[in-house]
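Colleague: Fold the following.
(one chain, ligands or ions: 2)
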Amino acid sequence: MKDQITSRDEIEGAVHHDLRHDSAIKHVTGRAEYCDDIAEPVGTLHAYLGVSNVTHAAIRSLDLSAVRDAPGVIGVLTAADIPGANDISPTGRNDEPVFPTDRIEFHGQPLFAVVAETRDAARRAAELAQMEIEALPHALDPVAAIDAGYPHVTDPLKLERGDVAAGFAGAAHRLQGRLNVGGQDHMYLEGHISFAIPGEDDDVVVHCSTQHPSEAQHMVAHVLGVPSNAVTVNVRRMGGGFGGKESQMNLFACVAALAAKKWNRPVKIRPDRDQDMTATGKRHDFVIDYDVAFDDSGRIQAVESQFAARCGWSSDLSGPVTDRALFHADNAYFYPHVRLTSRPMKTNTVSNTAFRGFGGPQGVVAAERMIEEIAYRLGKDPLEVRKANFYGDEGRDLTPYHQQVTDNILERLVGELETSADYQGRRKDILAFNTANRFIKRGIALTPVKFGISFTATHYNQAGSLIHVYSDGSIHLNHGGTEMGQGLNTKVAQVVADAFQVDVSRIKITKTTTEKVPNTSATAASSGSDLNGMAALDAAQQIKARLVGFAAEHWGVSETEVAFLPNAVRVGTEVMGFDALIKAAYMARVHLSAAGFYKTPDIHWDRAAGKGRPFYYYAYGASCSEVSVDTLSGEYKVERTDILHDVGRSLNPVLDRGQVEGAFIQGMGWLTTEELWWDDAGRLRTHAPSTYKIPLASDAPRIFNVDLAQWSVNPERTIKRSKAVGEPPFMLGISVLEALSMAVASVADYRECPRLDAPATPERVLMAVERLRGAV
Ligand code: MTE
Ligand code: MOS
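Modeller: Ligands and ions are numbered 1, 2, ... in the order given. Sure thing, here's the model as predicted:
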């Protein structure tokens, strides 16, 4: 049993170590394969959506004869061509037809698809439809919708604890405010795309850019009227998802599959950027009304808030998104008496959907605005008010949803950041700078984040995996999570490499497919590595247990004498290569494949009662940003940002830092320059990068210090005691908004908290300055 053994102390790609993204080189050299790179079989057709050019109307007639007659056109698809259900609602509410039959609900709504020999022909033909309609009045935003008596798209949620009336009655101070928070387009680099290839009988394979292959599979089956076992959905990777491909791919997957089955030819659909932006949902805008009572030290006594959201024409994921806004409306702060309500409003706009943070950021930003208001009212440093309200020991550790906060590390985390960023010293300097300078003003803010980890729909917190060890010792890894740039596949491969103690290069990362791991959840809620890492570990452990049992029996030692060393296995006193063990196990007919499974323990949620433990644990972070504002133009820049973020024991620090940096920048973009703007007719006028400004590399903070809290360990039994990282750092961008607010407030000597809605575009900053200067 002798063999050449690579004797290294540690495997390559061990957990808790930096390892570059497995596709990094392929990303930058253009060799990573995306949906649109898959070789097209001869005879592939191309579909394009025909959309409405009115906002709200009854359809009298839809004449597609000119579309059908256009050059290169094979045919059109309308609601009448759907053999199964004309419904792609992700929550089973049956309120989202693939194509409408009698009513147009928003400007740009897909009404039909045209299928042609080339994409160009399909795109040109899609413009030729003739329609007769009867226009109806529309409501575009949540306030207009409430005024017009529009319905909620799903049942509102109420979270309540304590005695709100008594809390208000006994308090020394009270203030009310309204905050408007804008939405956000996902701006993934790769837009939506689906490519369907028909097979025999009912079969169809769909390659789709999706975070949720199982949902795309079930939706295609539902629309085709076939069982799910006839449909396979594959995704190797996405060029970004950010929540925009959790449910919004359904339309494209279904249209491609419908056309593929109807004409029995492969069909691809890829909207251009304008259509991707107008026809697919975004982050929800919110209008938040708050009423808060507090004492002389700034400690909050009672809070009552209402969160009205622009949900769009159908429910999509608006129920859970608006729920999560309430779950995060406390952010890091204890509210002794609290009542929070959501108003998920139907509007005549595109149906809004998941976006990094899933409604949570809108809740957090409202909490931070309240803190700022309290600080200005009392003439205090907002950081002091933040600290006074942090969750604490017994008596100050219950959330509005009655979950106890047991893992709070914010005092230490914020304290360390305050020191490392020299918050106090720089705030003093900035106050002096603002006194000395008339037009350029500076601001600084340090804001915390506490973010609950788990899907609030408890049943989603499950995952599966499939591992094969081939007889040559190479390993094939599959799990239900999807890769969208976040590095999930790299992390899960590290977990498996660690389990077998083999170099990560031995592990083949494979595409996500509904054929290998069924009934998966969306890769979302930041829980990809928590869930799939555990499921993969389970499969690896099953195979390891069989190997240990085999080795013990075969070589006559006890099981405790079998140990996995880096790229080797010790059996008794002998050491052999991993390959040699696998070969021997294969010859002895040991089963070298396993399906793994994991479900998050200990969580439960009773929505009707508003009580439970929806989150397994919390992830924490804090950021400190300094900005300078030209108060004559409203233009600004971020001079410096310092971040300290908690990922527990990081599975891969370099990937986690990338997530923290990217999330911060994306959060900053949401609150500063990214503005969605609908005209009165209901048209989205910011529908391309020309009119919608995401942060550029040149907008990043001039000085950008990002650290992970090295000392943090997840007290819960998560994968290697790590914490989720995808969404929580998004809310670190709030420090930029509050720093801008301080710079603006300086023009009126900080007497008043500026009314600064988000996004705080240069125009809004200028208007806030002028209002305070008394010019408006
Ligand atoms: N990072 C990149 N590069 N691209 C993405 O699309 N999506 C974010 C986050 N980070 C995203 C990303 C969102 S919305 C979520 S929920 C998580 O990644 C999902 O992946 P995870 O659960 O594996 O962290
Ligand atoms: Mo992320 S918004 O949960 O896809």
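Colleague: Would you mind measuring from the residue nearest to Ala125 when sequence neighbours are not counted to Phe615?
Modeller: Ranked by Cβ to Cβ, 6 or more residues apart in numbering and with sequence neighbours excluded, the top spatial neighbour of Ala125 is Ala70, at 3.7 Å. For glycine as for every other residue, the C-beta is placed from the backbone atoms N, C-alpha and C. Using Cβ to Cβ, to the nearest Å, Ala70 is found at 53 Å from Phe615.
Colleague: which one of those two has more residues nearby?
Modeller: Each of Ala70 and Phe615 has its neighbours counted (other Cβ atoms under 10 Å); Phe615 has more, 23 against 17.
Colleague: which SSE is the spatially closest residue to Ser61 that is not a sequence neighbour in?
Modeller: Distance criterion Cβ to Cβ, 6+ apart; nearest residue to Ser61, sequence neighbours excluded, is Glu132 at 4.5 Å. Secondary structure from DSSP states H and E places Glu132 in strand 130-135.
Colleague: The next helix-or-strand element following that strand packs against which elements?
Modeller: Using DSSP H and E, the helix or strand that follows strand 130-135 in sequence is helix 142-147. Counting contacts by 3 or more Cβ pairs under 8 Å, 6 or more residues apart in numbering; DSSP states H and E, helix 142-147 is packed against strand 286-294, strand 300-312, strand 337-346.
Colleague: what angle separates the longest one from strand 286-294?
Modeller: What that stands for is strand 300-312. Strand 300-312 runs at 170 degrees relative to strand 286-294, counting by axes from the mean of the first three to the mean of the last three Cα atoms, to 10 degrees.
Colleague: average pLDDT across strand 300-312?
Modeller: For strand 300-312, mean pLDDT is 98.
Colleague: touching ligand 1 at all, the helix or strand just after it?
Modeller: Counting by DSSP H and E, the next helix or strand C-terminal to strand 300-312 is helix 318-327. No: applying Cβ under 6 Å from any ligand atom, one finds helix 318-327 separated from ligand 1 by no less than 11.6 Å.
Colleague: Just the CA trace of helix 318-327, in PDB.
Modeller: Output of helix 318-327 as PDB, limited to C-alpha atoms (Å, rounded to 0.1, in the frame of the first residue of the first chain):
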ATOM      1  CA  SER A 318     -43.600  42.000  -2.400                       C
ATOM      2  CA  GLY A 319     -45.100  40.200   0.600                       C
ATOM      3  CA  PRO A 320     -41.800  38.800   2.000                       C
ATOM      4  CA  VAL A 321     -39.900  42.000   0.900                       C
ATOM      5  CA  THR A 322     -42.200  44.300   2.800                       C
ATOM      6  CA  ASP A 323     -42.100  41.900   5.700                       C
ATOM      7  CA  ARG A 324     -38.400  42.100   5.800                       C
ATOM      8  CA  ALA A 325     -38.500  45.900   5.800                       C
ATOM      9  CA  LEU A 326     -40.300  45.600   9.200                       C
ATOM     10  CA  PHE A 327     -37.900  42.900  10.400                       C
END
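Colleague: Outside of that helix itself, list whatever touches it.
Modeller: 91, 153-157, 159, 284, 286, 307, 309, 311-312, 340-344, 351-354, 357-360, 362-363, 399-401, 452, 456-457, 607, 614-615 (Cβ atoms under 8 Å, 6 or more residues apart in numbering).
Colleague: If we check ligand 2, which of those residues are in contact?
Modeller: Filtering the contacts of helix 318-327 for neighbours of ligand 2 using Cβ under 6 Å from any ligand atom leaves 354, 358.
Colleague: Select the longest helix from the chain.
Modeller: Secondary structure assigned by DSSP state H gives helix 528-555 as the longest helix of the chain.
Colleague: Check which helices and strands it sits against.
Modeller: The contact analysis (3+ Cβ pairs under 8 Å, 6+ apart) places helix 528-555 against strand 462-469, strand 475-479, helix 488-500, strand 562-565, strand 568-571, helix 578-587, strand 593-599.
Colleague: tell me which element the nearest residue to Met731 once chain neighbours are set aside is part of?
Modeller: Among residues not flanking Met731 along the chain, Val449 sits closest, at 4.4 Å (Cβ to Cβ, 6+ apart). Secondary structure assignment for Val449, by DSSP H and E: strand 440-453.
Colleague: and Arg103, how far is that from Pro97?
Modeller: 9 Å.
Colleague: Those two: who's more crowded?
Modeller: Pro97 (21 against 15).
Colleague: For the spatially closest residue to the more buried one that is not a sequence neighbour, grab phi and psi.
Modeller: In space, Pro97 comes closest to Asn86 once its chain neighbours are excluded; the distance is 4.6 Å by Cβ to Cβ, 6+ apart. Backbone torsions of Asn86, given as degrees, to the nearest 10, read phi -90, psi 70.
Colleague: Tell me how many other residues crowd Asn86.
Modeller: Number of residues near Asn86 (other Cβ under 10 Å) recorded here: 20.
Colleague: Could you do the one 5 residues further on as well?
Modeller: Using other Cβ under 10 Å, Thr91 has 18 other residues around it.
Colleague: so it touches Leu317, yeah?
Modeller: Yes: counting by Cβ atoms under 8 Å, Leu317 is a contact partner of Thr91 at 7.1 Å.
Colleague: how much space between the residue of the chain most remote from its centre and ligand 1?
Modeller: Each residue of the chain has a distance to the centre, and by Cα atoms, centre = their mean the biggest one is for Gly556: 51.6 Å. From Gly556 over to ligand 1 the distance is 44 Å, taken as Cβ to the nearest ligand atom, to the nearest Å.
Colleague: about what we covered before: just the pLDDT at the residue nearest to Ala125, thanks.
Modeller: In this model, Ala70 carries a pLDDT of 98.
Colleague: show me the contacts for it.
Modeller: So Ala70 contacts 114, 116, 121, 124-125, 128 (Cβ under 8 Å, 6+ apart).
Colleague: So which of those wins on neighbours?
Modeller: Val114 (29 neighbours).
Colleague: Model confidence score at it, please.
Modeller: Val114 carries a pLDDT value of 98.
Colleague: Could I get the phi/psi values of it?
Modeller: Dihedral pair for Val114: phi -110, psi 140, per degrees, to the nearest 10.
Colleague: Isn't it up against Gly72?
Modeller: No: under the criterion of Cβ under 8 Å, Val114 is not in contact with Gly72, lying 9.7 Å apart.
Colleague: what are the ranges of the strands in the stretch 1-150 of the chain?
Modeller: Ranges of strands within the stretch 1-150 of the chain are 45-51, 57-63, 73-77, 103-104, 110-116, 130-135, based on DSSP state E, counting those that start in this stretch.
Colleague: Make CSV from those strands and add distance to ligand 1 to it.
Modeller: As requested, those are exported to CSV (distance: least, Cβ to the nearest ligand atom, whole Å):
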stretch, distance to ligand 1
strand 45-51, 23
strand 57-63, 34
strand 73-77, 29
strand 103-104, 30
strand 110-116, 23
strand 130-135, 36
